[in-house]
Structures are given as structure tokens and as C-alpha cells.
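J.: quick check, what structure comes out for this input:
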Amino acid sequence: MPQLAWRHVIVNTRNSWLHGDPRGFRDRDHRIHSSGDYKHPTPEGEHAGLHAWYKARAGKKVAFGGRLWPIIGECFQLKMQELDRRMLAIAVGSVHVHLVTELPIRLVDCKFEIGLCKRRATEAVKIWHRGRLWAQGGTFKLICDKEHLANAVNYVVTKQKPAWIWNYRDGARFV
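T.: Residues are numbered from 1 along each chain as shown. Predicted coordinates:
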């Protein structure tokens with residue numbers, strides 16, 4: 001049995017957050033990154049050329065309509081149950097999924113297990129969406145203590161709008 005830890009996972013849809021994005025971005029290994037983030041926007045025009053270059057080559061952004069959100073969320077939930085992982089909250093919006101779940105300590109194992117969730121969701125919605133749906137990787141924030149865990153669950157449950165949200169206390173709902 002691998003060692004497990006709580007994580008706040010963020011998975012984006014394909015082409016929904018490109019390099020040079022005005023909301024902020026980080027290149028692999030932080031070779032290039034913006035001076036801002038989603039809370040503190042970058043100065044106007046920073047990396048605009050880079051963003052335009054990626055946008056021209058990336059293709060269409062994948063976005064899910066609200067009717068697919070519960071399907072995607074339930075696929076993630078079911079796969080986590082099959083993997084014998086506990087989940088406290090999940091939010092599915094048009095271009096990303098947030099979840100607070102227990103995953104292996106090793107990052108490579110986290111990515112593998114979330115990849116299985118992505119695959120399950122892709123299969124479930126393939127009659128509406130063909131081709132690649134998900135951006136590579138994701139964000140796998142390690143949760144340090146009980147306070148951090150409570151804050152992560154609260155963030156997923158209250159700050160993702162519009163979204164389909166499920167949490168261990170209240171069940172599922174649209175917000």
C-alpha cells in the first residue's frame with residue numbers, strides 16, 4: 001500500500017490556459033513565467049506575443065456545457081472509489097476540475113491516478129466531445145495540515161462558480 005497524502009488537484013481542459021496567458025502562467029521548471037497570477041494580474045501586455053503564438057497554434061479551447069459537469073464529476077468520484085481513495089470535494093466547471101482527494105505521495109503516481117480519472121471522464125462524454133479533452137498534467141498541491149485541508153475543501157466548495165459541486169457533507173449541487 002503506497003503512502004498517501006491529501007492533495008488539492010486542479011485539472012484543466014485542453015487549450016484553456018496557454019503560455020503567456022494574462023491570468024498568469026508557469027512554464028515547465030519555471031523557465032518562463034509571468035510576474036502575476038490569477039489573484040494579482042500580470043501587467044497588461046506582458047508575454048502577449050508568446051500568448052498569441054501559442055493561441056495561433058493550439059487549436060480550439062475545450063469547454064464543457066453544464067449538462068456534462070455531473071457526468072465528469074461522477075466519473076472522477078467512481079474512479080477514486082475504485083482506487084480506494086477518499087475524496088472530500090470536487091468541483092467541475094466549463095474548463096477545469098478541482099478536487100480534494102487522497103493520493104500517493106509520489107507525484108508520478110498522483111499523475112497516473114488522475115490520468116485514469118481523466119480517461120474515465122473522456123470515455124463517458126465521447127458522444128458529445130471527440131478527441132483530446134484534457135491538458136497535460138495538472139496541479140497537485142500537497143496539503144500540509146488540518147487547517148490547510150479545511151481551507152482547500154472550502155475553496156473548492158465555495159469559490160468555483162459556475163460549477164457542479166460535490167462534497168462529503170452536502171452531496172451534489174449546481175452553483
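J.: give me the number of residues near the closest residue in space to residue 121 that isn't next to it in sequence?
T.: Using C-beta to C-beta, 6 or more residues apart in numbering and skipping residues adjacent in sequence, the residue nearest residue 121 is residue 75, 4.1 Å away. The C-beta positions use only the backbone N, C-alpha and C, and glycine is treated the same way. Residue 75 has 21 neighbouring residues, counting by other C-beta atoms under 10 Å.
J.: same question for residue 79.
T.: Neighbour count of residue 79, defined by other C-beta under 10 Å: 20.
J.: domain parsing for the chain?
T.: Following automatic domain parsing, one gets these domains for the chain: 4-13+63-174, 28-58.
J.: deepest in the core, which of those domains is it.
T.: By mean neighbour count, with neighbours taken as mean count of other C-beta atoms under 10 Å, domain 4-13+63-174 ranks first of the domains of the chain at a mean of 17.
J.: quick one: least confident helix or strand in this protein?
T.: The weakest-scoring helix or strand in the chain, judged by mean pLDDT, DSSP states H and E, is helix 48-58 (a mean of 67).
J.: any chance you could list what contacts the helix or strand following that helix?
T.: Downstream of helix 48-58, the next assigned helix or strand under DSSP states H and E is helix 69-82. Residues outside helix 69-82 that contact it (C-beta atoms under 8 Å, 6 or more residues apart in numbering): 64, 86-87, 90-93, 97, 99, 101, 113, 116-117, 120-121, 123-125, 163-164, 166, 172, 174.
J.: apply 10 Å and report the result again.
T.: Contact with helix 69-82 is made by 9, 11, 13, 64, 85-87, 90-94, 97, 99, 101-103, 113-125, 128, 133, 162-166, 172-174, as judged by C-beta atoms under 10 Å, 6 or more residues apart in numbering.
J.: can you map out the strands along this structure?
T.: For the chain, strands defined by DSSP state E occupy the ranges 4-12, 87-92, 96-104, 139-142, 164-167, 171-174.
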